[in-house]
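got a sequence here, can you model it:
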Amino acid sequence: MDPKDVCGGQEALPVPVCGGQEPVPSFQYTAELVVGPGAELDPSEVTVQGCECRGPCCPAEECACLPHGENYRHCKLHSAQKPVLECNVLCRCEESCANRETQRGLQYQLQVCPVPGKGWGLRTQESVPKGRFVCEYAGEVLGPEEVRRRIQAQDPESNNYIIAVREHLHSGHILETFVDPTYVGNIGRFLNHSCQPNLVMVPVRTHSMVPRLALFAARDIQAGEELCYDYSGMAFNFTPDSGHGHGTENSRSQHKKCLCGTAACSGYLPFDATLYKAAT
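Here you go, the predicted model:
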């Protein structure tokens, strides 16, 4: 792992390691989601039809990729409360189209730094305005049985990087996406939890029905701040469930202490007990 760039040149900007006596844990870097064991869909396959718009700008009232209105205004996410579909490789609009924000990669100087009591964390070296895209949470897309197998095989003291995103559809169905950056992942794996986070995770679809787990600034973030998001997805009243629920008192022994240090700290890291249940 190159301390000058943990991304190995795969991102638009290098992400260096700042300080720390121990080396950064080794893992295979990927800037995008990759198919893993049990996944029903390959996130690299182009399955979403593109729009027929011409030119550098897609009008919201005409673009097939904007059924819920524009997603971005001045490069900032307009709303985290509605589905986000970006223009993709099959669209006829130009690559400069404003509806391709998360596909531009890293736009802010970030660094991996040791955080007291937490291990490693991700910090921004420059100010990030509210609504701007910061990074993606990328890794292997897994099936539910593989998720349970990996979690049950973990040491109780090991970090759990697996995140579950559940999107509730109007039909009553729930779409589940499981992403694990433990062995194959990106800088999103260094993000710590906070009960008062400065990032919000939003499922964003581009060329695949598998959503990219995009992280946007939930407020204006100052240079030098550690970047964090709520593993449970409860912050900011975000509709899709992401991360881990709080479980039950019976599973309290499996909870890990939260060290976010905020006034709103719940005391424990979010925990999804359903992922620990054996298959029936």
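
tell me which helix or strand of the chain sits lowest on mean pLDDT?
strand 241-242 (a mean of 50; mean pLDDT, DSSP states H and E).

quick check, pLDDT for residue 151.
If you check residue 151, the pLDDT there is 90.

wait, a helix at it?
Yes - assessed by DSSP: H, G, I helix; E, B strand; the rest coil, residue 151 belongs to a helix.

hmm, it is touching residue 160, no?
Yes - with contact defined as CB atoms under 8 Å, residue 151 reaches residue 160; the gap is 6.6 Å. (Each C-beta comes from the backbone N, C-alpha and C, glycine too.)

for residue 59, what are its contacts?
For residue 59, the contact set (CB atoms under 8 Å, 6 or more residues apart in numbering) comprises residue 53.

could you rerun that using 6 Å?
Contact analysis of residue 59 by CB atoms under 6 Å, 6 or more residues apart in numbering lists nothing.

now name the helix or strand holding it.
Under DSSP states H and E, no helix or strand contains residue 59.

list the contacts for residue 259?
Here residue 259 is in contact with 117, 118 (criterion: CB under 6 Å, 6+ apart).

can you confirm it is in a strand?
No - membership of residue 259 in a strand is not supported by three-state DSSP, which gives coil.

can we start the residue count at 4 from this point?
Happy to do that; since the first residue is 4 now, the last one works out to residue 262.

I'd like to know how far it sits from residue 184.
20 Å (CB to CB, to the nearest Å).

kindly report the same for residue 45.
Taken as CB to CB, the span from residue 45 to residue 184 is 17 Å.

so those two - more neighbours on which side?
Higher neighbour count among residue 45 and residue 184: residue 184, with 25 against 14, using other CB atoms under 10 Å.

shouldn't that one be in contact with residue 194?
No - taking contacts as CB atoms under 6 Å, residue 184 lies outside contact range of residue 194: 9.9 Å.

quick one: the helices in the stretch 4-153 of the chain?
147-156 (DSSP state H, counting those that start in this stretch).

so where's it uncertain?
For the stretch 4-153 of the chain, not a single residue meets the criterion pLDDT under 70.

what is the burial count for residue 228?
By other CB under 10 Å, neighbour count at residue 228 equals 14.

ok, it - contacts?
So residue 228 contacts nothing (CB under 6 Å, 6+ apart).

can you do 10 Å?
Applying CB atoms under 10 Å, 6 or more residues apart in numbering to residue 228 gives the contacts 126, 127, 128, 130, 131, 201.

now the buried members of those.
Buried by 16 or more other CB atoms under 10 Å: 126, 127, 131, 201, out of these.

beta partners for the first one?
The reference is to residue 126. residue 114, residue 229 (DSSP bridges).

report pLDDT for residue 258.
For residue 258, pLDDT reads 69.

over to residue 217. Which of the three states is it?
strand.

distance of it from residue 168?
Taken as CB to CB, the span from residue 217 to residue 168 is 11 Å.

which of the two has more neighbours?
residue 217 (26 against 20).

and that one, how far from residue 62?
23 Å.

give me the common contacts of residue 217 and residue 168.
140, 204, 205, 206.

beta-bridge partners for the third one, please?
When bridges are taken as DSSP bridges, the partners of residue 205 come out as residue 217.

ok, it touching residue 215?
Yes - counting by CB atoms under 10 Å, residue 215 is a contact partner of residue 205 at 9.1 Å.

of these two, which one has the most company?
residue 205 (28 against 23).

what's the spacing between the more buried one and residue 21?
From residue 205 over to residue 21 (counting by CB to CB), the distance is 27 Å.

same thing with residue 29?
18 Å.

what's near enough to touch residue 127?
Contacts of residue 127 by CB under 10 Å, 6+ apart are 111-114, 137-138, 201, 220, 224-230.

swap the cut-off to 7 Å and go again
111, 113, 224, 226, 228, 230 (CB atoms under 7 Å, 6 or more residues apart in numbering).

give the pairing partners of the longest strand anywhere in the chain; include direction for each.
Using DSSP state E to assign secondary structure, the strand with the most residues in the chain is strand 177-188. Take DSSP bridges as the rule and strand 177-188 pairs in its sheet with strand 31-32 (parallel), strand 142-145 (antiparallel), strand 166-171 (antiparallel).

neighbouring strands - and their directions - for the helix or strand following that strand?
As assigned by DSSP H and E, the chain's next helix or strand after strand 177-188 is strand 195-196. Partners of strand 195-196 in the sheet, by DSSP bridges, are strand 229-232 (parallel).
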